[in-house]
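Trainee: Curious how this folds, go ahead:
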Amino acid sequence: MTDMISLDDLDARILLALDDDPDATVLALASGLGVARNTVHARLKRMTAGGALGSFSKRVDPAALGYPLVAFVWIAISQDATEQATAGLAGIPEIVEMHATTGDADLLAKVVARDPAHLHRLTTRMLRVDGVQRTSTALSLVEAMPHRVRSLLEQAVTPQGQRGGLVHRASPNGRGGGG
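Mentor: Now for the predicted structure:
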């Protein structure tokens, strides 16, 4: 079972303000939102601890680190080696995201590489992980729409005077949702 973290209207407004100005201080956020500094500080601390506000490294573009190639790799694993295979794959730094899936493959990995030859070495390395049976790779030609959550945050903010709804976010890692 996964932990749930609930974000309310104020949480969403704080996150939208941070999206507008990632360098805003707690005091500036509080002033702009018309709430106490301690309230903003406590909310940010709770959202960070609960995983709703992800790590700074999620904002880093791998291309800036020399990994301009993005690929998606479907991975079929032996059902009796799921944990072992997942742990082995997690040890490959170029796998930047991985999801358990339904269908023909068991895992979908987002992989970054320096060039096609590097990607080939990575997929070969994946096949050497105990429990990995086969892979199928698709190159990303262009990011048609980057990861986004802002529109969901905007939906969570209710008009002034109305009772705000809650945004429930589950996470497979048990720490709440990502940014």
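Trainee: Next, count neighbours for residue 122.
Mentor: Residue 122 is flanked by 24 other residues according to other Cβ atoms under 10 Å. All C-beta spots, glycine's among them, are computed from the backbone N, C-alpha and C.
Trainee: Kindly report the same for residue 84.
Mentor: When neighbours are counted by other Cβ under 10 Å, residue 84 registers 15.
Trainee: With the one 5 residues further on instead?
Mentor: When neighbours are defined as other Cβ under 10 Å, residue 89 has 21 of them.
Trainee: what does residue 106 give?
Mentor: 21.
Trainee: any idea how far it is from residue 62?
Mentor: Per Cβ to Cβ, to the nearest Å, residue 106 is found 24 Å from residue 62.
Trainee: for residue 68, same thing?
Mentor: 8 Å.
Trainee: between those two, which one's more packed in?
Mentor: The neighbour comparison of residue 68 against residue 62 (other Cβ under 10 Å) goes to residue 62, with 17 against 13.
Trainee: give the contact list for that one.
Mentor: Residues in contact with residue 62 (Cβ atoms under 8 Å, 6 or more residues apart in numbering) are 68, 70, 96, 112.
Trainee: at 10 Å instead, please
Mentor: 68, 69, 70, 94, 96, 110, 111, 112, 113, 114 (Cβ atoms under 10 Å, 6 or more residues apart in numbering).
Trainee: Show the backbone phi and psi for it.
Mentor: Residue 62 adopts backbone torsions of phi -60, psi -30, taken as degrees, to the nearest 10.
Trainee: ok, it to residue 31 distance?
Mentor: Distance of residue 62 to residue 31, given as Cβ to Cβ: 35 Å.
Trainee: could you give the mean pLDDT of stretch 105-120?
Mentor: Stretch 105-120 carries an average pLDDT of 97.
Trainee: As a check, name the ranges of all strands in this structure.
Mentor: Ranges of strands in the chain, per DSSP state E, are 4-7, 69-77, 95-100, 107-113, 132-139, 167-170.
Trainee: how far off strand 69-77 does the third one point, in degrees?
Mentor: Translated: strand 95-100. Calculated by axes from the mean of the first three to the mean of the last three Cα atoms, to 10 degrees, strand 95-100 forms an angle of 40 degrees with strand 69-77.
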